[in-house]
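Participant: Quick one, fold the following:
(one chain, ligands or ions: 2)
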Amino acid sequence: MKGTMVDREQLEDVRLAVYTGFARTGRAPGPPELAARTGLAVDRVRQALRHLHESRDLVLDTGDGDRVVMAHPFSAVPLGFSVMGERTLWWGGCAWDSFAIPHLLRDEPAVLVATGCPACDTPHAWRVGWDAPPPGDQVAHFLVPVHHIWDDVVHACANQRLFCSVACVEVWLERTRQARGYVMDLATLWRLARGWYAGRLDRGYTRRDPSSAAAYFAQVGLHGPFWGLPAD
Ligand SMILES: [Zn+2]
Ligand SMILES: [Zn+2]
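Facilitator: Ligands and ions are numbered 1, 2, ... in the order given. This next block holds a predicted model:
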């Protein structure tokens, strides 16, 4: 293999190896494992990881470029959620990502999502599956508006959490001195998560452009400038 650039096909091989590795094992494969799975040299894999980080197809650790921190909806770091399947345990990323994981896995019709309320530490768990939103009157609060998520994606995900109630959201905002972001019920969160990452485990996936993202947000029942939609 001559040349200094990774080609599209190699990028897609590495992207898929990261995603399928995460899906299968719950953890991020490192460059040697990715090299073994794709048949590429380790240096080529590292180059591909940097490209995929720049295109926001995954997130590398700021200090260690060999370490994949997130490949949405999968996370290699704890952000307040665990997601338990039949045979695999994942860090769930944020509320959105945790609810999205079962929709990407063809052999896991439902997973157990667990977290604690950031305001009062009450434990919460839901069985999240393909067919319908889980019952519950808890609410999700997202702190960072969608246009700013990629300013610091780990911070944004770390602040997409599930609370007992709107009252707990308010206690937490007051305690952490932050302005209210967006609150939604479990059914809206489930609809948001259901199709958002569709195709990510398939070859040839492309990320949504801003206008198709906005259309998706409107269709699942989200409103207003927080989601890049017109004010009501
Ligand atoms: Zn609470
Ligand atoms: Zn997230």
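
Participant: now check stretch 70-78, is it near ligand 2?
Facilitator: No. Judged by Cβ under 5 Å from the ion, stretch 70-78 stays clear of ligand 2, getting no closer than 6.0 Å. From N, CA and C alone the C-beta is placed, and that goes for glycine too.

Participant: end to end, how far does that stretch reach?
Facilitator: Stretch 70-78 stretches 10 Å from its first residue to its last (Cα to Cα, to the nearest Å).

Participant: tell me which parts of this protein are close to ligand 1?
Facilitator: Residues of the chain found near ligand 1 (Cβ under 5 Å from the ion) are Cys117, Ala119, Cys120, Thr122, Cys164, Cys168.

Participant: doesn't Gly116 make contact with the fourth one?
Facilitator: Right, Thr122. Yes. If you go by Cβ atoms under 8 Å, Thr122 and Gly116 touch, sitting 6.7 Å apart.

Participant: who's more crowded, those two?
Facilitator: Using other Cβ atoms under 10 Å as the criterion, Thr122 and Gly116 rank with Gly116 on top: 17 against 13.

Participant: how about the closest residue to the more buried one other than its chain neighbours, what does it touch?
Facilitator: In space, and not counting its chain neighbours, Gly116 is closest to Pro123: 5.3 Å by Cβ to Cβ, 6 or more residues apart in numbering. Going by Cβ atoms under 8 Å, 6 or more residues apart in numbering, Pro123 touches Ala114, Thr115, Gly116.

Participant: now with 10 Å?
Facilitator: Applying Cβ atoms under 10 Å, 6 or more residues apart in numbering to Pro123 gives the contacts Ala114, Thr115, Gly116, Cys117.

Participant: show me what contacts the third one?
Facilitator: Just to be clear, that refers to Gly116. Counting by Cβ under 10 Å, 6+ apart, Gly116 makes contact with Gly80, Phe81, Thr122, Pro123, His124, Ala125, Arg161, Leu162, Phe163, Cys164.

Participant: so which of those comes closest to ligand 2?
Facilitator: Nearest to ligand 2, judged by Cβ to the ion, of the contacts of Gly116 is Phe81 at 9.4 Å.

Participant: Leaving out chain neighbours, which residue sits closest to His155?
Facilitator: Nearest in space to His155, with sequence neighbours left out and distances taken as Cβ to Cβ, 6+ apart, is Val144 at 7.2 Å.

Participant: do the same with Gln160
Facilitator: Using Cβ to Cβ, 6+ apart, the closest residue to Gln160 is Cys94 (3.5 Å).

Participant: Backbone torsions only: list them for the one you found.
Facilitator: Here is the backbone geometry of Cys94 (degrees, to the nearest 10): phi -90, psi -170.
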